[in-house]
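Peer 1: Have a look at this prediction, sequence included:
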Amino acid sequence: MYAALWRVIPGPWFVKLLVFLVLIAAVAYALIFHAYPWFMQTFFPTPDVTVPE
């Protein structure tokens, strides 16, 4: 998969590397801040617990 992405990205190797790193950062951002919180909230809801006084 990475080799296919490397061949598709145009430009010299340093431009490919920069674009590749930006793509990886974008995927990591999307997973950490959008996908994982949605998954945890949807499939593992936290119980509403009240502590008696």
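Peer 2: Cool, the structure landed. Because the structure is a prediction, the values reported are computed rather than measured.
Peer 1: ok, which stretches of the chain are helices?
Peer 2: With DSSP state H as the definition, the chain shows helices at residue ranges 2-8, 13-30, 36-43.
Peer 1: tell me the most buried of those helices?
Peer 2: Across those, the average number of neighbours (mean count of other CB atoms under 10 Å) peaks for helix 13-30, which reaches a mean of 12. All C-beta atoms are positioned from the backbone trio N, CA, C, and that covers glycine.
Peer 1: Who are the packing partners of the worst-scoring helix or strand of the chain on mean pLDDT?
Peer 2: Within the chain, confidence by mean pLDDT, DSSP states H and E is lowest for helix 2-8 among all helices and strands, at a mean of 85. Packing contacts for helix 2-8, counted by 3 or more CB pairs under 8 Å, 6 or more residues apart in numbering; DSSP states H and E, involve helix 13-30.
Peer 1: List the contacts of residue 28.
Peer 2: Neighbouring residues of residue 28 by CB atoms under 8 Å, 6 or more residues apart in numbering: there are none.
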